[in-house]
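Chemist: sequence unknown, structure follows:
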């Protein structure tokens, strides 16, 4: 059965909050009436979601084309960042533009401009990256890239294709027509010939202020609608996949002597003595079965949490001053958690591992787990002497200094 994409039309401007008015949960403001838990359950990787806002200024304070254009003149921009003019034409793909003049000339010829990796040029505290960080926290999947598209009216396009990622498109200015065909299961992008697809299953007009979420594998074709150019922002997520479970299994068995041993020499195709090889193969398959039976859901969630944090960025703020002031830290010093810092704490045998956004991992004795969890659960400033009673005064001071030095705590 074909699943119709949800198309939610919101009231006209004035009766809803703008994106910048909901700083506490910006992802929720992006989704409109769809709660984040409902999106995760019913839409993520499953179904298209279109939120029509009837508010062309909804993203007014999020980003503007002029803000992006300023970076085109920066030294080494075209060497360090991914600029392209993707369209389908005869012959090999056009090389990336190498200067602002290249960009202007191609836009004048009706070619679209795509700028990827905007996260590397936008200020970390910018509204766009604040939104992206909240999306990462809600979705528990890593961000792949933040991109923008500038497309002339009646310009050239890429044609029907599918992407291997989960994509949120924010229409900033102008309008586009999205024709959505079927959905495929694939982890690589691909192009399609229009005549091979037949009529689209759905056609959506994306106007300024609208949101469109498209799951990976949705075959679609996009064209500019109306007389003016289009400017859109895309937030791309690279989803964790269930094959990560295979990575976890491999990590469990890779260091076993049985899997470290070299394979035997000689033919293994039935032309030589292969009884030992067959027996050894069966023994290792049995080891795989045992390792698989020992896996628990928490093992996979731990691995995914750590991988996710390695891909996230440390939240912007002022920590260096606290690091220097912590040299004089004592039992009466007031400290607090760094705001909006994602973390994950897991116990592995006689050690605990605390991983922070940015990928830093603090390893400590398992006896410190309770004290660490108490500090992580703090909802406001506390004095070092108020840290867990299982620690001596000296151990509290030492742990507090260590947590300030790694960026988990700051001086209040």
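Modeler: Here it is on my side, so go on. These numbers were taken from a predicted model, which means no experiment stands behind them.

Chemist: measure residue 304 to residue 343 for me?
Modeler: Distance, residue 304 to residue 343, using CB to CB, to the nearest Å: 14 Å. For the C-beta atoms, the positions are set from N, CA and C on the backbone; glycine is no exception.

Chemist: The residue nearest to residue 342 when sequence neighbours are not counted and residue 37, how far apart?
Modeler: Nearest residue to residue 342 in three dimensions, chain neighbours excluded: residue 357, at 4.5 Å (CB to CB, 6 or more residues apart in numbering). For residue 357, the distance to residue 37 (CB to CB) stands at 22 Å.

Chemist: So if I had to pick from the two, which one is more boxed in?
Modeler: Shown here are residue 357 and residue 37; by other CB atoms under 10 Å, residue 357 has more neighbours (23 against 9).

Chemist: Contact partners for the more buried one?
Modeler: Residues near residue 357 by CB atoms under 8 Å, 6 or more residues apart in numbering: 309, 312-315, 341-343.

Chemist: again, only using 10 Å
Modeler: 133, 136-137, 308-315, 338, 340-344, 407 (CB atoms under 10 Å, 6 or more residues apart in numbering).

Chemist: try residue 333
Modeler: By CB under 10 Å, 6+ apart, the neighbours of residue 333 are 325-326, 382-385, 397, 400-401, 404, 411-412.

Chemist: Domains in this structure, by residue range?
Modeler: 6-237, 244-295, 306-411 (automatic domain parsing).

Chemist: Mind putting those into TSV with mean pLDDT?
Modeler: Shown next, in TSV, are those (pLDDT from 0 to 100):
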stretch	mean pLDDT
domain 6-237	87
domain 244-295	87
domain 306-411	96
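
Chemist: after the helix or strand hosting residue 303 comes which helix or strand?
Modeler: For residue 303, the element it lies in under DSSP states H and E is helix 297-311. Counting by DSSP H and E, the next helix or strand C-terminal to helix 297-311 is helix 320-325.

Chemist: buried set for that following helix?
Modeler: The neighbour-count check on helix 320-325 (16 or more other CB atoms under 10 Å) flags residue 322 as buried.

Chemist: which helices and strands sit right next to the helix or strand that it is followed by?
Modeler: Using DSSP H and E, the helix or strand that follows helix 320-325 towards the C-terminus is strand 334-337. Under the contact criterion of 3 or more CB pairs under 10 Å, 6 or more residues apart in numbering; DSSP states H and E, strand 334-337 touches helix 369-377, strand 382-383, helix 393-405, strand 409-411.

Chemist: do you know which of these lies nearest residue 58?
Modeler: strand 409-411 (34.4 Å; CB to CB).

Chemist: can you pull the buried residues of the closest one?
Modeler: By 16+ other CB under 10 Å, the buried positions in strand 409-411 come out as 409-411.

Chemist: Could I get these in a markdown table, plus columns for distance to residue 393?
Modeler: Output for the buried residues of strand 409-411, formatted as a markdown table (distance: CB to CB, whole Å):
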| residue | distance to residue 393 |
| --- | --- |
| 409 | 17 |
| 410 | 21 |
| 411 | 18 |
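
Chemist: Relative to residue 120, which of those residues is nearest.
Modeler: Checking these against residue 120 by CB to CB gives residue 410 as the nearest, at 25.8 Å.

Chemist: Now do the same contact list for the closest one.
Modeler: So residue 410 contacts 317-319, 321-323, 325-326, 335-339, 341, 381, 403-404 (CB under 10 Å, 6+ apart).

Chemist: Which residue is the nearest non-sequential neighbour of residue 31?
Modeler: Per CB to CB, 6+ apart, closest to residue 31 is residue 39, 5.6 Å.

Chemist: Wasn't that neighbour part of a helix?
Modeler: Yes - under DSSP: H, G, I helix; E, B strand; the rest coil, residue 39 sits within a helix.

Chemist: That one against residue 166, yeah?
Modeler: No - Residue 39 lies out of contact with residue 166 (CB atoms under 10 Å); the separation is 11.1 Å.

Chemist: Overlap of the contact sets of those two?
Modeler: 139, 213.

Chemist: circling back to that earlier point, any of the contacts of residue 357 buried? List them.
Modeler: For those, a burial check counting by 16+ other CB under 10 Å picks out 133, 136-137, 308-309, 312-315, 338, 341-344, 407.

Chemist: give me phi/psi at the residue nearest the centre of the chain?
Modeler: Centroid check for the chain by CA atoms, centre = their mean gives residue 143 as the closest residue, at 1.7 Å. Main-chain dihedrals, residue 143, degrees, to the nearest 10: phi -70, psi 140.

Chemist: Residue 337 versus that one, what's the distance?
Modeler: From residue 143 over to residue 337 the distance is 23 Å, taken as CB to CB.

Chemist: Please apply the same query to residue 76.
Modeler: The gap separating residue 76 from residue 337 is 37 Å, by CB to CB.

Chemist: Compare the two (neighbour count), which wins?
Modeler: Comparing residue 76 with residue 337 by other CB under 10 Å, the one with more neighbours is residue 337, at 20 against 7.

Chemist: ok, that one touching residue 379?
Modeler: Yes - with contact defined as CB under 10 Å, residue 337 and residue 379 form a contacting pair (8.4 Å).

Chemist: And the strands in the stretch 1-150 of the chain?
Modeler: Ranges of strands in the stretch 1-150 of the chain, per DSSP state E, counting those that start in this stretch, are 6-9, 49-52, 82-84, 113-116, 143-151.

Chemist: Each with direction, which strands does the fourth one pair with?
Modeler: Pointing back at strand 113-116 there. Using DSSP bridges, strand 113-116 pairs in its sheet with strand 82-84 (antiparallel), strand 143-151 (antiparallel).

Chemist: Tell me how far residue 159 lies from residue 197.
Modeler: 10 Å.
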